[in-house]
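Engineer: sequence? don't have it. structure:
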Ligand SMILES: Cc1ncc(COP(=O)(O)O)c(C=O)c1O
């Protein structure tokens, strides 16, 4: 019976063109990636600053293993709270200019845990329609009432806030830089609404951390909103090239999470090598602004090239450039065609994005060369010529 269910589910996924399979990557995570045995140009990584294989991170990891060994052995509240965890948290708090920070084992765990700690039955969470799955699951896990507002539609958000019952605790949650569209949330206006209606605000900086000007600390910092945002969450596994996630905010928030957040409490803490890589990565972000500049210059080149070819890039303002195809089958076909031309741009389908908006999600790295971007543009030109009617 169970086996029949599994087979039926797989068949249904295949029929809807939503079946996924793992690609095998050999070697390092760089602008050139060995995918399923072939070297291709990698435009599908969140390793935006190219730190995942940086010598400083490798050296930090090796040194941490030599000094502290491999595993942490237990959760933070048992015997797994190592000095490196606190060193990394102090580094993050300084970087984000907050009172405190707390490290999580992944962004997924951070979002599910934070939301279900801060909001519960009888409370209301207001969530942007394009928020990441981990935010959606955190909202569900909290058992709060979930009010989803249309993407960045602040009139709707305000109506929803106004209509929510007096006395219920309210929390607004949004990404700062949206992972699949590359556009920015109107953070200043969201902060103003949160204050006007007495709502807590949580901002997910997973894709902004490390890459935004002036210092890579994310969009909350860019707009000087640190004092007014209760929870800033971000990840260490994307631009920072390591693994794990953080929450930055007040000391009281940190204490509450240590005491109540189940995805923090009931899990083995991150190993020393991962902590050391996180510390080394933040040092590099602080010391090497040229990485952000290189990323920006690469974005400008690719964006201009794609526009010249007639592609529309939606509202993207960043290193994430979505080429909307619409249909899931066609999108995956295009992704495969590009791969055969030597360019890896992953097709993204529901439920990662809303139905009818399947897309090629192109992401840039600071370490792409201008020649590699030109090479990719040639492949996109051919793709456009072969599918002109479809990408209009
Ligand atoms: C916006 C956003 N939040 C959270 C996460 C989860 O982070 P992690 O990969 O560290 O679990 C992701 C990952 O893709 C994300 O895009």
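Structural biologist: In hand now; what should we look at? For clarity, every value in this text was computed on a predicted model and none was experimentally measured.

Engineer: For burial, what's the neighbour tally of residue 275?
Structural biologist: As a burial measure, the neighbour count of residue 275 was computed by other CB atoms under 10 Å and equals 30. C-beta: built from backbone N, CA, C; applies to glycine.

Engineer: which residues touch it?
Structural biologist: Residues in contact with residue 275 (CB atoms under 8 Å, 6 or more residues apart in numbering) are 64, 82, 84, 85, 87, 88, 103.

Engineer: same thing but 10 Å
Structural biologist: The contact partners of residue 275, by CB atoms under 10 Å, 6 or more residues apart in numbering, come to 60-61, 64, 68, 72, 82-89, 91, 103, 236, 242-244, 269.

Engineer: Once you drop chain neighbours, what's closest to it?
Structural biologist: In space, residue 275 comes closest to residue 84 once its chain neighbours are excluded; the distance is 3.8 Å by CB to CB, 6 or more residues apart in numbering.

Engineer: host element of the one you found?
Structural biologist: Element membership of residue 84 [criterion: DSSP states H and E] is helix 83-96.

Engineer: Which elements pack onto that helix?
Structural biologist: helix 55-68, strand 100-104, helix 219-222, strand 231-235, strand 245-249, helix 251-260, helix 272-287 (3 or more CB pairs under 10 Å, 6 or more residues apart in numbering; DSSP states H and E).

Engineer: What residues of the longest one count as buried?
Structural biologist: By that I understand helix 272-287. By 16 or more other CB atoms under 10 Å, the buried positions in helix 272-287 come out as 272-282, 284-285.

Engineer: same thing with the second one?
Structural biologist: With burial defined by 16+ other CB under 10 Å, the residues of strand 100-104 counted as buried are 100, 101, 102, 103, 104.

Engineer: Which pair in those has the greatest spatial separation?
Structural biologist: Across the buried residues of strand 100-104, no pair lies farther apart than 100 and 104, at 13.7 Å, counting by CB to CB.

Engineer: Overlap in contacts, these two.
Structural biologist: With CB under 10 Å, 6+ apart as the test, residue 100 and residue 104 both reach 247, 257.

Engineer: quick revisit: can you narrow the contacts of residue 275 down to the ones near the ligand?
Structural biologist: Filtering the contacts of residue 275 for neighbours of the ligand using CB under 6 Å from any ligand atom leaves an empty set.

Engineer: Could you give the average pLDDT over the helix holding residue 84?
Structural biologist: Rounded to a whole number, the mean pLDDT of helix 83-96 is 98.

Engineer: Done for today, thanks.
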